[in-house]
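Chemist: compute the structure for the input listed below.
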Amino acid sequence: MARHLNAPLSSFITARIPIAPDANTDPTMLFKMAMVALEAITSVGGNDTGVLVNDIQDTVQLVPGESWCMATVQSALRYVELITGKISAIAAGGLCTAVFAQSVPNQVTTPQVGDIIVFQHGAGPSGHTEIVTGLGDGTFVFAAGGNTTPGAGYTGAAGVFHKMRTTTAPIGDMTILGFLRPYL
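Modeler: Below you'll find the predicted structure:
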């Protein structure tokens, strides 16, 4: 499977990036910026659909209604590939744990800004993923991710949000599988 980014989603990202990126732009910096640019997106009615959510899902051939956290990461990766010409070795796909398993050479244990944090729900194959946008004190990171909420007490639709994530304890039923570094 290959990543695909349609023109409306690419334009959406470009309009929200504060620089004019080109082939010489640092891919890790642009990856983080593309993910932050997606933060304006939320699903419609809490059912994992909406015009831009569907565009994100289409990046890795998901259908409306499917979980879209990894598709958000894949959309940001594809944006960087199109702008810089630098192709990430991260596997293309929509299932977090499968992408992690297929991207062994890019797995790292200590996060850096621009890494992809991959969680697993319980012992099953489902997971969640976000991009590390800032480092904390070693016990947490700041991350942006799709198909998530900004935190406890939020009652709106899932979207692309920024939050603080612990790196030392489970979050509900989620544990960290590890981190992927898109550009080694």
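Chemist: going forward, measure contacts and count neighbours with C-alpha atoms only.
Modeler: Noted.
Chemist: just the pLDDT at Pro125, thanks.
Modeler: Pro125 carries a pLDDT value of 90.
Chemist: three-state assignment of it?
Modeler: coil (DSSP: H, G, I helix; E, B strand; the rest coil).
Chemist: doesn't Phe12 belong to a helix?
Modeler: Yes - when classified by three-state DSSP, Phe12 is found to be part of a helix.
Chemist: which of the three states applies to the residue nearest in space to the middle of the chain?
Modeler: Nearest residue to the geometric centre of the chain (CA atoms, centre = their mean): Val73, 2.7 Å. Under three-state DSSP, the three-state class of Val73 is helix.
Chemist: got the contact list for it?
Modeler: By CA atoms under 8 Å, 6 or more residues apart in numbering, the contact set of Val73 is 35, 116, 129-131, 145-146.
Chemist: tell me the pLDDT of it.
Modeler: 97.
Chemist: state the distance from Pro64 to His162.
Modeler: 23 Å (CA to CA, to the nearest Å).
Chemist: what about these two, which has more around it?
Modeler: Under the criterion of other CA atoms under 10 Å, the comparison of Pro64 against His162 puts His162 first, with 22 against 18.
Chemist: surely the more buried one and Asn147 touch.
Modeler: No - in this structure, His162 is not within contact of Asn147 by CA atoms under 8 Å, at 11.4 Å.
Chemist: and Ile131, bridged to which residues?
Modeler: Ile116, Ala144 (DSSP bridges).
Chemist: count of neighbours near it?
Modeler: Residues near Ile131, counting by other CA under 10 Å: 30.
Chemist: tell me the contacts of it?
Modeler: Ile131 neighbours (CA under 8 Å, 6+ apart): 32, 35, 73, 113-117, 143-145.
Chemist: next: Ser67.
Modeler: Counting by CA under 8 Å, 6+ apart, Ser67 has contacts 48, 147.
Chemist: helices of this structure, start to end?
Modeler: Counting by DSSP state H, one finds helices in the chain at the ranges 7-15, 27-37, 51-58, 69-84, 96-101.
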